[in-house]
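>>> Curious how this folds, go ahead:
(chains A and B)
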Amino acid sequence: MEAWHPFRILPALDDSNRVFWTSGESGALAIVRCRACGFWIHPPSPICPSCLGRDLTPQPVSGRGTLVSFTVNHQPWIPGFDPPYVIALVELDEQPGLRITSNLVGCAIEKVEIGLPVEILFDEYDGVWIPLFQPTADAFEPGAGEGGGAVGAAADASEEGAP
Amino acid sequence: MTEILERRASITGIGQSAVGRRLGRAGLDLTLDACLAAIADAGLTRHDIDGLATYPGAGIGTAGFAGAGLTEVQDALRLDLDWFAGGHEAPGQLGSVVSACLAVACGLATHVLCFRTVCESSAQGGGGRAGIGGGGRGGFKARDALQWTLPFGAASAANWLALTAQAHFHAYGTRREHLGAIAINARRNAARNPAAVYRDPLTMEDYLAARLISTPFGLYDCDVPVDGSTAIIVSRASACATVAKRPIRVEAVGTAIHGRPSWDQWHDVTSMAAVDAAAMMWDRTDLTPADVDVAELYDGFSFLTLAWLEALGFCGRGESGELVGDGRAIALDGNLPLATGGGQLSAGRLHGYGHLHEAVLQLRGEGGDRQVPGGPEVAVVSAGGGPLAGCMLLTRS
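Residues are numbered from 1 along each chain as shown, chains lettered A, B, ... in the order given. Reported below is the predicted structural model:
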């Protein structure tokens, strides 16, 4: 983990979300899954929205996914959480639409582009393991990520929005 | 076809308080100005008002967001109510007006006073615009839906919608200049609206040079927090004989949301609940987008106007940037005039109700220097972003 460790507003932990926010201690993010049909459920819910099954259990995910959108935040909303930083919308490989809002780290802002393959890492705050994402080791090699050729359009957009 | 019940409702009165930056007046005080103005505009007295509706109701959101609660307005005016409703779990800000339409249509009330008040400018004082969560000091913890965004510094709808906008840019080639055309159009119209907050000319150079907020949004993509209140009177159409002004008919409303009620879990990362609300509205009328003479589309962020243009079928998916182009098509004398009073981007963030107020003015022909030429007969009003979405189609009776 690099030095970036801003002040963060932490979640209030309860029985519904504790596994999500603490599972990073084991090195893998755990997300609620339906035992009956295998559907991943995020945010956590007491019922499977696919089959209405009630037999649900958190399971570790691969931590790999795709950057489906991002924004470079420049506005100082939270004292101690200094801009600029990248807010990332990541879709996990496990299931279409299984998305987490997070931060993209370990990547120069001007290189951030939609379609980047990313992998998870964690930063711990008082027992809360914040899931963050970074480009995979081969993210910038030709052919990496989804949709290869579509990445160019994202680069144009990010240039326009770059500081 | 089953009866479209909202057609039993008409808008008979509109009123607005002073609107400005840091007015330093209480939300209830501003609300009473707007409510009394609307009642007088309709030619009614407070004793005629038997229904009351508001969004979002007391005690919710960041400082100044709620403005005034329903019960304090009822008590201040000693209203005798047969029906009332206030709350934020609704199809956007206009959900409160839709509820009022249904209340009069079903005979629960005859004249419903609807209001929306904001005091966000005074609440923010001399400081910058606050993120949700108040900066997180004092041991504040994120709960419910906010726990999924606040820990990552995604503290504002500016961030949440920037994700949608960036995906739209990527998928469709939308550019900052397209957003800029929305902001510049709003400012050009605001110059003709004496009640607008920002009226100085804005150029594309100014727009592009402004500081960034959350890419692709810069300062002028974000609406202007203000203090102000807007009130609307919804009456049963059969009870309009005594009102002072030409009633404005409600042709159809849209309240649908068929996807997940979430900013970041919506199935299509380039769109919002607006698509469902808009589709429902058109399903309830024989009118089509080509019939619309003036469009007061939500612009809490410039991108939301693009999203509503597509949702409402004024263009195809991804084509809104092309539609707004250099801004001529959306100007007061264009094919589809937008934000005729300056919208929230320049007239002030009156949170949906300002757009409804402006649509009624335009259909009445009371737009003054900013009146759309040719006597507009059909207006569409939309409000909301992300999972919040509601829209209304209005006609001159």
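
>>> Quick check: residue A:55 touching residue A:37?
No. Residue A:55 is beyond contact range of residue A:37, at 10.0 Å (criterion: C-beta atoms under 8 Å). C-betas here are computed from N, CA, C, even on glycine.

>>> what bridges to residue B:217?
For residue B:217, the beta-bridge partners under DSSP bridges are residue B:214.

>>> one step back: looking at residue A:55 and residue A:37, which one has more neighbours?
residue A:37 (11 against 8; other C-beta atoms under 10 Å in any protein chain shown).

>>> tell me the contacts of that one?
A:48, A:50, A:51, A:53 (C-beta atoms under 8 Å, 6 or more residues apart in numbering or on different chains).

>>> quick check, it in a strand?
No. According to DSSP: H, G, I helix; E, B strand; the rest coil, the state of residue A:37 is coil, so it is not within a strand.

>>> what secondary structure does the residue lying closest to residue A:8 once chain neighbours are set aside sit in?
Once flanking residues are discounted, residue A:8 sits nearest to residue B:151: 5.0 Å by C-beta to C-beta, 6 or more residues apart in numbering or on different chains. Here residue B:151 is helix, with the state taken from three-state DSSP.

>>> So what's the residue count around residue B:151?
26.

>>> Verify the stated contact: it with residue B:140.
No. The pair residue B:151 and residue B:140 fails to qualify as a contact (C-beta under 8 Å) at a distance of 11.5 Å.

>>> Overlap in contacts, the two.
In contact with both residue B:151 and residue B:140: residue A:9, using C-beta under 8 Å, 6+ apart.

>>> what's the pLDDT at residue B:182?
Note for residue B:182: predicted pLDDT of 98.

>>> Looks to me like it is in a helix.
Yes. Assessed with three-state DSSP, residue B:182 lies in a helix.

>>> Give me the nearest residue to it, chain neighbours excluded.
Spatial nearest neighbour of residue B:182, excluding adjacent residues (C-beta to C-beta, 6+ apart): residue B:302 at 4.1 Å.

>>> does the residue nearest to residue A:134 when sequence neighbours are not counted sit in a helix, a strand or a coil?
Using C-beta to C-beta, 6+ apart and skipping the chain neighbours, the partner closest in space to residue A:134 is residue A:106 (3.6 Å). What three-state DSSP gives for residue A:106 is coil.

>>> Could you check how far residue A:106 is from residue A:121?
As judged by C-beta to C-beta, to the nearest Å, residue A:106 and residue A:121 stand 8 Å apart.

>>> Also residue B:53?
Taking C-beta to C-beta, one finds residue B:53 at 48 Å from residue A:121.

>>> Can you pick out the residue with more neighbours from those two?
residue B:53 (28 against 17).

>>> didn't that one look like it was pressed against residue B:86?
Yes. Using C-beta under 8 Å, residue B:53 is in contact with residue B:86, at 6.5 Å.

>>> Strands of the stretch 101-250 of chain B, start to end?
B:111-119, B:212-214, B:217-218, B:227-236, B:248-254 (DSSP state E, counting those that start in this stretch).

>>> okay if I get those strands as TSV plus mean pLDDT?
Listed next are the strands of the stretch 101-250 of chain B as TSV, based on pLDDT from 0 to 100:
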stretch	mean pLDDT
strand B:111-119	97
strand B:212-214	98
strand B:217-218	98
strand B:227-236	98
strand B:248-254	98
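
>>> for those, which one sits closest to residue A:22?
strand B:212-214 (29.0 Å; C-beta to C-beta).

>>> Name the surrounding residues that touch that closest one.
Applying C-beta under 8 Å, 6+ apart, the external contacts of strand B:212-214 come out as A:71-75, A:87, A:161, A:163, B:156, B:158-159, B:162, B:218-219, B:221-222.

>>> Distance of residue A:99 relative to residue A:61?
12 Å.

>>> go on, residue B:275?
In terms of C-beta to C-beta, residue B:275 sits 30 Å off from residue A:61.

>>> Could you list the low-pLDDT ranges of chain A?
A:1-2, A:145-163 (pLDDT under 70).

>>> What are the boundaries of the helices in it?
Secondary structure of chain A, counting by DSSP state H: helices at A:18-22, A:151-161.

>>> Now do the shortest one: distance to the chain's middle.
It stands for helix A:18-22. Put simply, helix A:18-22 sits 14 Å off its chain's centre (C-alpha atoms, centre = their mean, to the nearest Å).

>>> Tell me the buried residues in it?
Within helix A:18-22, the residues that count as buried by 16 or more other C-beta atoms under 10 Å in any protein chain shown are A:19, A:20, A:21.

>>> Identify, from those, the entry nearest to chain B.
Chain B has its nearest neighbour among the buried residues of helix A:18-22 in residue A:21, at 8.1 Å by C-beta to the nearest C-beta.

>>> Would you agree the closest one is in contact with residue A:13?
Yes. Applying C-beta under 8 Å, one finds residue A:21 in contact with residue A:13, separated by 6.0 Å.

>>> Mean neighbour count added to the strands of the stretch 101-250 of chain B, as a markdown table?
A markdown table is the format used below for the strands of the stretch 101-250 of chain B (neighbours: other C-beta atoms under 10 Å in any protein chain shown):
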| stretch | mean neighbour count |
| --- | --- |
| strand B:111-119 | 29 |
| strand B:212-214 | 26 |
| strand B:217-218 | 24 |
| strand B:227-236 | 29 |
| strand B:248-254 | 24 |
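
>>> and those as TSV, adding distance to residue B:344?
What follows is the strands of the stretch 101-250 of chain B, written out as TSV (distance: least, C-beta to C-beta, whole Å):
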stretch	distance to residue B:344
strand B:111-119	10
strand B:212-214	15
strand B:217-218	14
strand B:227-236	11
strand B:248-254	20
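
>>> Give me the neighbour count for residue A:35.
Count around residue A:35 with other C-beta under 10 Å applied: 13.

>>> Apart from its chain neighbours, what residue comes closest to it?
residue A:55 (4.5 Å).

>>> Now do the same contact list for the one you found.
With contact taken as C-beta under 8 Å, 6+ apart, residue A:55 is in contact with A:34, A:35, A:36.

>>> hmm, 10 Å instead?
A:34, A:35, A:36, A:48 (C-beta atoms under 10 Å, 6 or more residues apart in numbering or on different chains).

>>> What's the separation between the first one and chain B?
Here residue A:34 is placed at a distance of 17 Å from chain B (C-beta to the nearest C-beta, to the nearest Å).
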